[in-house]
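Chemist: Got a predicted structure here, sequence first:
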Amino acid sequence: MRPLARAWLALVLAFLYVPVAVMVAMGLNASPLYALPLHFSLHWFAALAGDDAILLATRNSLLVALVTCVVATAIGTLAAVALARPDLRGRGVLQALLLPPIGIPWLISGTAMLVFFSWTGIGRGLHSMMLGHVALATPYVVLVVGPGLKALPPNLEDAAKSLGATPADAFRSVTLPLLLPSVVAAALFAFAVSLDQFVISYFLATPGVTTLPVLIYGAIRSGFTPEINAVSTALLAASVVLLLGFARLAGVGGFLGRR
Amino acid sequence: MPAERHAAGPRPRRTGTAATAALLAPTYLWLAVAVFLPLAGMLYFSLLTGVPAPHHPAAFTAENYLAFVRKPYLLHVAWRSLALGLWTTGLCALIGWPAALALSRAVRGRARDAIFLLTILPFWTSGLVRVLSWTMVLADHGLLDRALGAVIPGWRVSDLLYTFPAIVIGLVHAYLPYMILTCYVSLAAIDPALIEAARGLGARAPVIFARILLPISLPGLLSGAVLIFVPVIGSFMEPRILGGRVGVTMGTVIEDQFTQAFDWPLGAALSFTMLAAVLLLFGVLYGASRLRPAA
């Protein structure tokens, strides 16, 4: 059974990586029409440097992701701390309220944001994308930081307080340093969620203000250049670095439980 | 809340409550402004005759919710979305559950960590670019045709792109990692000694599957199904790019109302109908799982 199981796993991985391999290969292929055989070329990467629309969209994507990462991590961590307090009332309701942003199809939350932001005058553009992305990423932050808090030794903060630390001091100098791996993992997650977010950005983009995924969608529907493959390959490389960081900090190895 | 607290506890507890509220406020205010108020606003819009403007006040109507009666082709579209959801979820379960089992029982140590990371890595590539790559693979005389042509003499074209199966392939690819993850988490919790014991007592593979592996991993299978079914029902990007003209789904119809037709009230009503259908389905599933005697 074991060789069969391994063969199945290999097949599944191959299926998962076929499109990724195609993307990388076409980003490095000289032909603009995906002609084969492959002629290695960094032409499309060089062309990226001169493509203002792609560079601007990439910059917007990174900016929104960075703001989302910082804000969502900050407010989500605070909420996780409050939700971990033993005497909290209405915990069930508060936790349930975190689910709609994750569970409702993005198409519905995205169009709802479009309607509401246009109607109230908040408008569309980068600021409303940030508003939307933070709302999307914060529940994930709470869900990642929450278990990290639970894993801390109990009564540490009480011990610090009994030694004369104020609650804020106890949190800053005792809890936060111990919690840091979870917080950083949550921040990386929030960044990644925002960077790849397409649906909500799509409905909140304006003709002049787009992010990379929105630009790619437009490019696929009109005319498409392999530069998109090149920029995606660059993003993939960045993502691998982020993911490896996430795996180290969140302790995927420990989570898997080696037996 | 503070008034109740006043009677219930001494002073330190009250400042504790205020601090807790202050910690919770940013997150929940943000969610209110960016998620809950927009949903409420869209519910309001779905009951209007048109987008309200200063000189064109809109009146209330339930007309938008009758779209399925007035435009029977929408029933056809809804059925296609449902079929996409069922096919994608079913195939993900059939492919992902055995893969999760293999991951949990046939590989160990570092190799397992590596494969686990490889499984979730595609999440970090743009979903759009992956779908676009599939168009290159599935196109007439694309990479799939070339590969099959090299293996099978006389192979001409598979004609897959812009068909229903093409959409399913793209969606299965996009959502398979969810199923592998959720199934893996519940399968990895099974003590190997349990299976050894069953085998020692003479249980064959089908019995071990039906009496141990499947029941224990059912929660993982179900949560994977929910995580896949909900976004697939609302997908519009994959059907549009991989489905071409057959790719008309509830997702693309709703998208059109907001980006092409600018009939926001109709789009809002269709969104809420879809949301209600999904919630109803889960309500029924949840109820059914509760009714069964505890296993």
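Modeler: Yep, that arrived.
Chemist: Can you give me every residue that contacts the residue in the stretch 151-295 of chain B that chain A sits nearest to?
Modeler: At 3.0 Å from chain A, B:Gly234 is the closest residue in the stretch 151-295 of chain B, using CB to the nearest CB. (Glycine included, C-beta is placed from N, CA and C.) Applying CB atoms under 8 Å, 6 or more residues apart in numbering or on different chains to B:Gly234 gives the contacts A:105-108, B:250-251, B:254, B:274.
Chemist: quick one: least confident helix or strand in chain A?
Modeler: helix A:252-256 (a mean of 44; mean pLDDT, DSSP states H and E).
Chemist: how long is stretch B:28-46 end to end?
Modeler: For stretch B:28-46, the first-to-last residue distance is 25 Å (CA to CA, to the nearest Å).
Chemist: in it, what counts as buried?
Modeler: Counting neighbours by 16 or more other CB atoms under 10 Å in any protein chain shown, one finds that the buried residues in stretch B:28-46 are B:28, B:30-31, B:33-39, B:41-46.
Chemist: Repeat that for stretch A:156-169.
Modeler: A:157, A:160-161, A:165.
Chemist: Endpoints of it, how far apart?
Modeler: Terminal residues of stretch A:156-169 are spaced 12 Å apart (CA to CA).
Chemist: and that stretch, does that touch chain B?
Modeler: Yes - Stretch A:156-169 comes into contact with chain B (CB under 8 Å from any CB of the partner chain), by way of A:Pro167.
Chemist: Give me the residues contacting that stretch.
Modeler: A:170-171, A:173-175, A:178, B:19.
Chemist: The residues you listed, buried ones only, as a ChimeraX selection?
Modeler: Here is the ChimeraX command that picks out the buried ones among the contacts of stretch A:156-169, judged by 16+ other CB under 10 Å:
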select /A:170,171,174,175
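Chemist: Tell me the one among the contacts of stretch A:156-169 nearest to B:Ala106.
Modeler: A:Leu178 (36.6 Å; CB to CB).
Chemist: who's in contact with that closest one?
Modeler: A:152, A:156.
Chemist: buried stuff in the one helix or strand it maps to?
Modeler: Element membership of A:Leu178 [criterion: DSSP states H and E] is helix A:176-196. Buried residues in helix A:176-196, counted by 16+ other CB under 10 Å: A:179, A:182-196.
Chemist: Of these, which are in range of chain B?
Modeler: A:192, A:196.
Chemist: Distance check, B:Leu117 against A:Phe246.
Modeler: 9 Å (CB to CB, to the nearest Å).
Chemist: With respect to pLDDT, which of the buried residues of stretch A:156-169 ranks lowest?
Modeler: In terms of pLDDT, A:Glu157 ranks lowest among these, with 79.
Chemist: Setting the sequence-adjacent residues aside, check what's closest to it.
Modeler: With sequence-adjacent residues excluded and distances taken as CB to CB, 6 or more residues apart in numbering or on different chains, A:Glu157 is closest to A:Ala170, at 4.5 Å.
Chemist: Report pLDDT for the one you found.
Modeler: Note on A:Ala170: pLDDT of 83.
Chemist: So which residues of the stretch 1-150 of chain B form strands?
Modeler: Assigned by DSSP state E, counting those that start in this stretch, the stretch 1-150 of chain B shows no strands.
Chemist: what stretches of it score poorly on pLDDT?
Modeler: Low-confidence segments of the stretch 1-150 of chain B, defined by pLDDT under 70: B:1-15, B:54, B:124.
Chemist: how does it look with 80?
Modeler: B:1-16, B:51-58, B:120-126, B:129, B:140-142, B:146 (pLDDT under 80).
Chemist: quick check: longest helix of the chain.
Modeler: Picked chain A for this. helix A:52-83 (DSSP state H).
Chemist: my bad, chain B
Modeler: Criterion DSSP H: the longest helix present in chain B is helix B:73-105.
Chemist: List the buried residues in it.
Modeler: Across helix B:73-105, burial judged by 16+ other CB under 10 Å covers B:74, B:77-78, B:80-82, B:84-85, B:87-89, B:91-93, B:95-105.
Chemist: From the contact counts, what lies against that helix?
Modeler: Other helices and strands packing on helix B:73-105, by 3 or more CB pairs under 8 Å, 6 or more residues apart in numbering or on different chains; DSSP states H and E, are helix A:2-27, helix B:67-70, helix B:109-120, helix B:164-187, helix B:214-233, helix B:250-259.
Chemist: Name the nearest residue to the residue of the stretch 1-150 of chain A found nearest chain B, ignoring sequence neighbours.
Modeler: Of all residues in the stretch 1-150 of chain A, A:Pro105 sits closest to chain B, at 3.0 Å by CB to the nearest CB. Among residues not flanking A:Pro105 along the chain, B:Gly234 sits closest, at 3.0 Å (CB to CB, 6+ apart).
Chemist: ok, back up a step: run the angle between the helix holding A:Leu178 and helix A:52-83 for me.
Modeler: Interaxial angle, helix A:176-196 versus helix A:52-83 (axes from the mean of the first three to the mean of the last three CA atoms, to 10 degrees): 140 degrees.
Chemist: List just the nearest of the contacts of B:Gly234 to B:Leu121.
Modeler: The closest of the contacts of B:Gly234, once distances to B:Leu121 are taken by CB to CB, is A:Trp106, at 21.3 Å.
Chemist: Nearest residue to the closest one in space, please, no chain neighbours.
Modeler: Using CB to CB, 6+ apart, the closest residue to A:Trp106 is A:Val199 (3.8 Å).
Chemist: again with B:Ala62
Modeler: That would be B:Leu47: by CB to CB, 6+ apart, it lies 6.8 Å from B:Ala62.
Chemist: And for A:Val174?
Modeler: A:Ala160 (4.7 Å).
Chemist: ok so that neighbour is a strand residue?
Modeler: No - residue state for A:Ala160 (DSSP: H, G, I helix; E, B strand; the rest coil) corresponds to helix; a strand is not indicated.
Chemist: Tell me the spacing between it and chain B.
Modeler: 16 Å (CB to the nearest CB, to the nearest Å).
Chemist: again with A:Val231
Modeler: From A:Val231 to chain B the distance is 9 Å (CB to the nearest CB).
Chemist: mind checking the backbone torsions on that residue?
Modeler: Here is the backbone geometry of A:Val231 (degrees, to the nearest 10): phi -70, psi -30.
Chemist: Is it correct that it is in contact with A:Thr58?
Modeler: Yes - counting by CB atoms under 8 Å, A:Val231 does reach A:Thr58; the two are 6.5 Å apart.
Chemist: Could you name every residue contacting both of those two?
Modeler: Shared contacts of A:Val231 and A:Thr58, defined by CB under 8 Å, 6+ apart, are found at A:Leu212.
Chemist: Compare neighbour counts for these two and give me the winner.
Modeler: More crowded of A:Val231 and A:Thr58, by other CB atoms under 10 Å in any protein chain shown: A:Val231, with 25 against 18.
Chemist: The nearest residue to A:Phe40 once chain neighbours are set aside: neighbour count?
Modeler: Once flanking residues are discounted, A:Phe40 sits nearest to A:Leu28: 5.8 Å by CB to CB, 6+ apart. For A:Leu28, the count of nearby residues is 19 (other CB under 10 Å).
Chemist: ditto for B:Leu201
Modeler: 8.
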